[in-house]
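Participant: I would like to see how this sequence folds:
(one chain, ligands or ions: 1)
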Amino acid sequence: MTAITDIAAVGAWLRDARAIAVLSGAGMSAESGVPTFRDAQTGLWAKFRPEELATEAAFRADPRRVWDWYASRREMMKDVHPNAGHHAIAAFQQRHPGRLTLITQNVDGLHQRAGSIGTLCLHGDIFADRWLDTPRNCCHIDHAVAGHPPYCDRCGNLVRPGVVWFGEPLPYATLEAAQQAARTCELMLVVGTAGAVYPAAGLAQVARQAGARVAIINPAASDLDDVAHALLSGTAASVLPALLAGV
Ligand code: OAD
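Facilitator: Below you'll find the predicted structure:
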């Protein structure tokens, strides 16, 4: 099957669809100035691949290195703002309560800051802290001793960022809700993801198999192109407002 490339046709699907799901990835935030995951390694960190830093084993082997990498990403993300794509989704949700479920792989919080309610964050929140090991009575995040990373002065437990690392399970209830949205939507928009990391990428296949139309918004090819009925070649901040605004 050849995918269509016509935004007006996708607009018609959007108007018809009672339930819509959006699956967003790092490209969604590119125009806010957040480098995509695979472009993110600059300067000091250029010699490491994300897959070598974003794992529990990497953190345990060198907590300072991994903590400082996340600290630099937090620092970069705190000063950015939602772009026209984030705003277009949030405004659509406000005009059509309950009709669009937003699923994101992003940990930057920009969808929420644009006003999207009930965002399903598959990969956690980079600004959240949690304990590396199961907390004991002595472990209180608020009282962690400052450090790289902060730690519990009683038992030595380490604070880690509240993101999902490679090899870790996704938050169960969030993934369940995302799968339910994928199974029941009539249209899924897949925005700014390379489609290479599972189970997130599998949600597009779930939607397609359940009978939904699938439209990809991405300026480049992705691993999910074969799953799509429509390929809209463009950026999130240009295509989403054009697609969602008049509906
Ligand atoms: P990637 O960095 O792998 O892919 C970014 C995608 O965004 C690519 O397909 C780009 O072509 C596209 N893109 C770039 N600029 C864009 C723009 N302005 N508008 C729309 N699309 C654009 O990021 P993800 O696919 O999100 O996981 O990566 C998925 C997961 O892998 C991440 O959540 C992270 C990572 O390793 C964890 O941290 C668990």
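Participant: Can you tell me how far Leu120 is from the ligand?
Facilitator: 13 Å (Cβ to the nearest ligand atom, to the nearest Å). For every residue, glycine as well, the C-beta is placed using N, CA and C.
Participant: can you pull the contacts of that residue?
Facilitator: For Leu120, the set of contacting residues under the criterion of Cβ atoms under 8 Å, 6 or more residues apart in numbering consists of Thr101, Leu102, Ile103, Thr104, Thr174, Ala177, Ala178, Ala181.
Participant: Can you name the residues bridging to it?
Facilitator: Applying DSSP bridges to Leu120 gives these bridge partners: Ile103.
Participant: Quick check: buried residues in stretch 61-75?
Facilitator: Buried residues in stretch 61-75, counted by 16 or more other Cβ atoms under 10 Å: Pro63, Val66, Trp67, Asp68, Trp69, Tyr70, Arg73.
Participant: Oops, could you answer that again for stretch 166-176 instead?
Facilitator: Judged by neighbour count using 16+ other Cβ under 10 Å, the buried positions of stretch 166-176 are Leu170, Pro171, Thr174, Leu175.
Participant: and those residues as TSV, adding secondary structure?
Facilitator: As requested, those are arranged in TSV below (DSSP: H, G, I helix; E, B strand; the rest coil):
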residue	secondary structure
Leu170	coil
Pro171	coil
Thr174	helix
Leu175	helix
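Participant: show me where this protein has helices.
Facilitator: When secondary structure is read from DSSP state H, the chain shows helices at 7-16, 50-53, 56-61, 63-78, 84-95, 110-114, 172-184, 202-209, 236-244.
Participant: Tell me how far the second one lies from the chain's centre.
Facilitator: Offset of helix 50-53 from its chain centre (Cα atoms, centre = their mean, to the nearest Å): 17 Å.
Participant: Also the fourth one?
Facilitator: Helix 63-78 has its average C-alpha position 18 Å from the chain's average C-alpha position, going by Cα atoms, centre = their mean.
Participant: Tell me the helices and strands packed up against the one helix or strand in the chain whose mean pLDDT sits lowest.
Facilitator: For the chain, using mean pLDDT, DSSP states H and E, the weakest element among its helices and strands is helix 50-53, scoring a mean of 80. Contact analysis of helix 50-53 by 3 or more Cβ pairs under 8 Å, 6 or more residues apart in numbering; DSSP states H and E lists helix 63-78 as its packing neighbours.
Participant: Next one: the helix it packs on, is it in contact with the ligand?
Facilitator: No. Helix 63-78 stays out of contact with the ligand when judged by Cβ under 6 Å from any ligand atom, the minimum separation being 10.4 Å.
Participant: Can you name every helix or strand that that helix contacts?
Facilitator: Using 3+ Cβ pairs under 8 Å, 6+ apart as the test, helix 63-78 ends up in contact with helix 50-53, helix 56-61, strand 124-131, strand 159-163.
Participant: Tabulate the ones you listed in JSON lines, adding columns for distance to Thr36.
Facilitator: Written out in JSON lines, the entries for the helices and strands packed on helix 63-78 read as follows (distance: least, Cβ to Cβ, whole Å):
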{"stretch": "helix 50-53", "distance to Thr36": "11"}
{"stretch": "helix 56-61", "distance to Thr36": "20"}
{"stretch": "strand 124-131", "distance to Thr36": "15"}
{"stretch": "strand 159-163", "distance to Thr36": "16"}
